[in-house]
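Visitor: dropping a prediction and its sequence here:
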Amino acid sequence: MAGRPVIAIAGLACETSTFTPSRTLAPAFHPRRDAAVIEKYAFLHPETPLADAADWRGALIGHALPGGVVTRAAFEELADEITTRLSNIVASTPRLDGLWFDIHGAMCVEELDDVEAELLRRVRAIVGLDVIVSASMDLHGNVSRELAHQTDLITCYRMAPHEDVMETKERACRNLVELIAKQPSAGPRVRPFKAWIPIPILLPGEQTSTRVEPAKHIYAAVPGVEAMEGVIDAAIWVGYAWADEPRNRAIVMATGWDKAVVSTGAEKLAKLFWDSHADFVFVAPTGTYKECLDTALASSARPYFVSDSGDNPTAGGSGDMTWGLTKLLDRPEFKEPSGPTVIYASVPGPKAIDTAVNAGVGATVTVTAGAEVDDIHSGPITMTGRVHSIKHGDRDAVVEVVLQVGSVFAILTKLRKPYHKEHDFTDLNLKPRSADIVIVKIGYLEPELYNMAADWMMALTPGGVDQNLIRLGHHRIRRPMWPFDKNFEKEVNLRTRLISFSHEPLAGPDE
């Protein structure tokens, strides 16, 4: 192909729970446009190999903090802007060669199923069917047969926690550039074979972390398949457990030029996954919230971390449940300032923030926070405490306040925020390494927290991302599905379904 190829970038990403009452609006995606899209990714900056290999054109990308279902109006607003911007890119160049589809894969939108495939259908209507599309995804995303059909290349993270985010996105772009280079100057596009295998397993990420077995050895096999002659990429999707759509399940895919090798590689990974389906366990010791607090108090390990997992805002929880903080403040051990030092992150409360900011650091205030969105398990919490610190300007929280109530340092926010980094605490004049107990709304600990924790447990607390999937009430997922069903009367079909790109809509069931 003569000259540098022109490649557009577009996509929306939001991991959304259908079991939380919260809703995600358009501003939550923090959209990036034009050059700001390129700026986000260091591997596309000037004088990098990929930047030199293609003319990259940013349309619009939006990455929202996980949460509740995206409103239809928000999706339509952002999707319309994506297609408009792509129309402008198409009009500005003699030929658009490729599209990097930058998505997560677990976004749910009101009144729509399989929304990433729906968005790509709209994109294809603008950019044309000859454009080569490479998608990068979270391994907790969902790959329907239709999404696999509409893409030419598709890959996902290979680590949970996701320490390989940028590596994955760069791989998707590198594979895209290499595939475009194989295209003839005239005539039909040359497209790889795609092996797609659905697996009837739906598990939370906390049971499928690549830190521990069996996910550790399953994902360790991916590079070996990718290295096979004739294979471009191999990927395993765990799927997203906290949404109730027919597409939600585990998926294995391999893409490449040798049909037999691609099929064999995909089937090898699928068999590894299914053979271990009954072996998945939580990444940490688990217990009720009370059991976790009792264990933390009895332990000499400091700091002792506890995951308040049911309202995890980075898995799709609303983040404003007060259940965990209420139970904590009810404990007699923490009533006095001389008690064990506990940090709790976090509960949103815009009015509480205003009161604390107006009063200032050192003031004693009475505030009410939380449960403005999710009051299913507990209502708003009223606390009296000393304002320990105030911080303005956070990207997610906007304003943060630490309120000391007895020996508990409760982080309150204007808007919900995940707490994954040590500086998230130290910026608030907190010392998590010196605390007795640190409680975070999270599932598995992110790397910095994991390295900081002397010990930890995961509390199986209620909420929109409850680790106990059975009690959530899925009714639209395909059945049988592990662990909802324990007995499979028919042998699970782990044979490759070869999916070829065509200009015709995909016919047949999503099986």
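Guide: Now that the structure is in, tell me what you want to look at.

Visitor: show me what the lengthiest strand in the chain is packed up against.
Guide: Secondary structure assigned by DSSP state E gives strand 381-394 as the longest strand of the chain. In terms of contacts (3 or more Cβ pairs under 8 Å, 6 or more residues apart in numbering; DSSP states H and E), strand 381-394 is packed against helix 323-329, helix 350-359, strand 364-369, strand 398-405, strand 408-413. Quick note: C-beta positions are derived from backbone N, CA and C, even for glycine.

Visitor: just the mean pLDDT for it, thanks.
Guide: The pLDDT scores in strand 381-394 average 98.

Visitor: just checking: what are the partner strands of that strand?
Guide: Applying DSSP bridges, strand 381-394 is found paired with strand 364-369 (antiparallel), strand 398-405 (antiparallel).

Visitor: what about the first one, average pLDDT?
Guide: When pLDDT is averaged over strand 364-369, the result is 98.

Visitor: from the chain's centre, how far out does it sit?
Guide: Distance of strand 364-369 from its chain centroid, counting by Cα atoms, centre = their mean, to the nearest Å, is 33 Å.

Visitor: that one vs strand 408-413, what angle?
Guide: For strand 364-369 against strand 408-413, the angle by axes from the mean of the first three to the mean of the last three Cα atoms, to 10 degrees is 60 degrees.

Visitor: quick check: angle from strand 364-369 to helix 350-359?
Guide: 160 degrees.

Visitor: one more: the longest one?
Guide: Counting by the same axes, to 10 degrees, strand 398-405 lies at 80 degrees to helix 350-359.

Visitor: which residues touch the closest residue to F101 other than its chain neighbours?
Guide: Nearest residue to F101, sequence neighbours excluded (Cβ to Cβ, 6 or more residues apart in numbering): A135, at 4.1 Å. Neighbour list for A135: 11, 100-103, 120, 147, 151, 153-155, 172 [criterion: Cβ atoms under 8 Å, 6 or more residues apart in numbering].

Visitor: select from these every entry located in strands.
Guide: Taking DSSP E, the ones among the contacts of A135 that sit in strands are 11, 100-102, 153-155.

Visitor: can you lay out these as JSON lines showing distance to P313, neighbour count and pLDDT?
Guide: Supplementary listing: the ones in strands among the contacts of A135 in JSON lines, determined by distance: Cβ to Cβ, whole Å; neighbours: other Cβ atoms under 10 Å; pLDDT from 0 to 100:
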{"residue": "G11", "distance to P313": "21", "neighbour count": "25", "pLDDT": "98"}
{"residue": "W100", "distance to P313": "27", "neighbour count": "29", "pLDDT": "98"}
{"residue": "F101", "distance to P313": "25", "neighbour count": "27", "pLDDT": "99"}
{"residue": "D102", "distance to P313": "21", "neighbour count": "27", "pLDDT": "98"}
{"residue": "L153", "distance to P313": "31", "neighbour count": "26", "pLDDT": "98"}
{"residue": "I154", "distance to P313": "27", "neighbour count": "28", "pLDDT": "98"}
{"residue": "T155", "distance to P313": "26", "neighbour count": "25", "pLDDT": "98"}
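
Visitor: would you mind finding the most buried of the helices and strands packed on strand 381-394?
Guide: Ranked by average neighbour count under the criterion mean count of other Cβ atoms under 10 Å, the helices and strands packed on strand 381-394 are headed by strand 408-413 at a mean of 27.

Visitor: for that one, packing partners?
Guide: On a contact count with 3+ Cβ pairs under 8 Å, 6+ apart, strand 408-413 meets helix 323-329, strand 342-348, helix 350-359, strand 381-394, strand 398-405.

Visitor: and the contacts of it?
Guide: 325, 328-329, 334, 341-349, 352-353, 356, 367, 369, 383, 385, 388, 394, 396-404, 419, 428, 430, 435.

Visitor: report the rounded mean pLDDT for the following helix or strand past it.
Guide: Using DSSP states H and E, the helix or strand that follows strand 408-413 towards the C-terminus is helix 422-426. The average pLDDT for helix 422-426 rounds to 98.

Visitor: please save the CA atoms from helix 422-426 in PDB.
Guide: Taking only C-alpha atoms (Å, rounded to 0.1, in the frame of the first residue of the first chain), the coordinates of helix 422-426 have been written out as PDB:
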ATOM      1  CA  GLU A 422      -1.200   5.500  47.800                       C
ATOM      2  CA  HIS A 423      -1.200   9.100  46.900                       C
ATOM      3  CA  ASP A 424      -5.100   9.000  46.900                       C
ATOM      4  CA  PHE A 425      -4.700   8.800  50.700                       C
ATOM      5  CA  THR A 426      -1.500  10.700  51.300                       C
END
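
Visitor: got the domain boundaries for the chain?
Guide: Per automatic domain parsing, the structural domains of the chain span 6-281+494-499, 286-466.
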